[in-house]
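Chemist: the following comprises the amino acid sequence and a computationally predicted model.
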Number of protein chains: 2
Amino acid sequence: MTSAAATDLIGVLAYGELVAFERNGVDASKAPTLRDKVELGKLAAAEHRHFEALCAFLAGNGVDPLAAMEPFTSAFDTFHDNMAPRDWLEGLMKTYVGDGIAADFYREVAGLLDGAEAAVVLSVLNDSQDSGYVVDRLREAIEADPTVAGRLALWGRRLMGEMISQGTIVAGSRPALRDALVQRGAEIDLGGMVNRLAVSHGRRMDALGLAS
Amino acid sequence: MTSAAATDLIGVLAYGELVAFERNGVDASKAPTLRDKVELGKLAAAEHRHFEALCAFLAGNGVDPLAAMEPFTSAFDTFHDNMAPRDWLEGLMKTYVGDGIAADFYREVAGLLDGAEAAVVLSVLNDSQDSGYVVDRLREAIEADPTVAGRLALWGRRLMGEMISQGTIVAGSRPALRDALVQRGAEIDLGGMVNRLAVSHGRRMDALGLAS
C-alpha cells in the first residue's frame, strides 16, 4: 500500500474517532441518569484518546493531522446529519452499531497496512472499550417495551445502509485509497470487506434479538 | 473542614468537570472548522481527565463518586439549561467564562482543604489547559464584527450572575458545606469568595475589551 493510501486510512480513522467522541459527548448531555452520563463519558474519553494516538502518529511521520482528516469530514458530517438520533435510545443504538462497525473496520485496515502503521491501528483497536454497558442498556429498554425492538431494528438497518453508502463515496473519492482497495486478486477487495462488515453487523443485531 | 464538606467540594468539582466535558463535546460538534473541533476536543478531553482523577480520589477514599456528585446535578443542569448558548460564539464565551471561574474556584477550594484532598484539587488545577485558543478566537470575532462585543459582554454578565445564583443555592442546600463556608472570622468567608471570583471575572472580561 502506498503511503498516500495509508495516510488516508489513518486520517479516516482519526476523524471518525473525533466525531464519535463529540457525538457521545452530545448523548451524555441528554442521558437520563448520572450513571449513563458517566458511562457515555468513558466511551467518549476513550475515543478522544484514540484520536490523539492517531494524530500523534501522523504528526510523528511528518503528516499534518488536519490535512489528513479534512478529505473525510464531509462524508462523516453528512452521515451524522442524516442519521441524527431522535432520542437517547437511538443514540445508544447508534453507538453500539457504529462502535462495532468501527472495530471491524480497524481490523480490516490493520490487515491492509504494514509495520508501524499497522501497529498504531492495532494498539488503538486493543484499547477499545467493552460494550457491555451499551448492550445491557439496550436489552433493558427492549425488554421493558417490546415495541422498541422494531424501531431499533429499523434504525440499525438504516445506520448500516448509510455507513456503507458514505463509505463507498469516500473510497471512490480518494484515488490512492480506491486503487489500494480495489486491487482485485489480492487480499484487498472492497466488496469482500463490505460483506464481512455486514455479516458482523448482523451478528451484533442478533445479539440484541433484532432483525438485521 | 469536616470530611462531609470535603466530599461535597470534590463532588461539586467532579460533576462540574463532567458537564463541562459534555458541553465542549456539544460545542465541538457545532464548530465551524476542523481546527475548532480539534481545539475544543482537547479542552473536553482534559476536563474528562480531571473528572476521572477526582472520581478516583473519592473512590480511593471509600466514597461512591456518583453519590458525591448527585446532590449537585440539579444546580448544574439548571445553569446549563438556563444558559444554553445561541450560537458557536456564545458557546466559546461560556467556555472562557466558565473555565476561568472554575480555575478560581479550584484555588479557593484548595485553600479550604488539607492534605491529600488539597493535593488532588491542586493537581487537577495544574493540569488546566491554556485558554490561548479560546481567547484568540473570541478576539478575532470581536474585531471582525464590533457589534459582537456588546452581545458577548451582556452574555458574560448573565453567565456570571447565574453562576453566583446557582452556587449560592448549592452552598445553602448542603449543611456541612454551608457550615464550612460561612465560618466567619476564619479565612473561610462565602461573601469574600464571591467577591474575589467577581473581580477575577472582571479582569478576564477586560482582557477581551468587554465591560463586565
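Modeler: Happy to help now that I have it. Treat the numbers as computed from the prediction; the structure is a model and nothing was measured.
Chemist: for the residue of chain A found nearest chain B, which non-adjacent residue is closest in space?
Modeler: Chain B sits closest to residue A:25 of chain A, with a gap of 1.8 Å, by Cβ to the nearest Cβ. In this view, the C-beta of every residue, glycine as well, is placed from N, C-alpha and C. Of all residues not flanking residue A:25 in the chain, residue B:25 sits nearest, at 1.8 Å (Cβ to Cβ, 6 or more residues apart in numbering or on different chains).
Chemist: where along chain A do the helices fall?
Modeler: For chain A, the helices defined by DSSP state H occupy A:3-29, A:34-60, A:65-82, A:88-112, A:115-126, A:132-144, A:147-173, A:175-181, A:190-207.
Chemist: most tightly packed of those?
Modeler: Highest mean neighbour count among the helices of chain A (mean count of other Cβ atoms under 10 Å in any protein chain shown): helix A:3-29, with a mean of 24.
Chemist: what packs against that helix?
Modeler: On a contact count with 3 or more Cβ pairs under 8 Å, 6 or more residues apart in numbering or on different chains; DSSP states H and E, helix A:3-29 meets helix A:34-60, helix A:65-82, helix A:88-112, helix A:115-126, helix A:175-181, helix B:3-29, helix B:34-60.
Chemist: show me the contact partners of the fourth one.
Modeler: This means helix A:115-126. Contact partners of helix A:115-126, identified using Cβ atoms under 8 Å, 6 or more residues apart in numbering or on different chains, comprise A:6, A:9-10, A:13, A:17, A:50, A:53-54, A:57, A:61, A:103, A:106-107, A:109-111, A:113.
Chemist: and it, average pLDDT?
Modeler: Taken as a whole, helix A:115-126 has an average pLDDT of 92.
Chemist: just the angle between it and helix A:3-29, please?
Modeler: Taking axes from the mean of the first three to the mean of the last three Cα atoms, to 10 degrees, one finds helix A:115-126 and helix A:3-29 inclined to each other by 20 degrees.
Chemist: could I get the helices and strands packed on helix A:3-29 as TSV with distance to residue B:136?
Modeler: Below are those laid out as TSV (distance: least, Cβ to Cβ, whole Å):
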stretch	distance to residue B:136
helix A:34-60	21
helix A:65-82	17
helix A:88-112	33
helix A:115-126	31
helix A:175-181	35
helix B:3-29	16
helix B:34-60	10
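Chemist: quick one: closest of these to residue B:170.
Modeler: helix B:3-29 (6.8 Å; Cβ to Cβ).
Chemist: between that closest one and helix A:65-82, how big is the angle?
Modeler: 90 degrees.
Chemist: show the contacting residues for the residue nearest to the spatial centre of chain A.
Modeler: What sits nearest the mean C-alpha location of chain A, by Cα atoms, centre = their mean, is residue A:102, with 3.1 Å. Taking Cβ under 8 Å, 6+ apart as the contact definition, residue A:102 lies against A:16, A:20.
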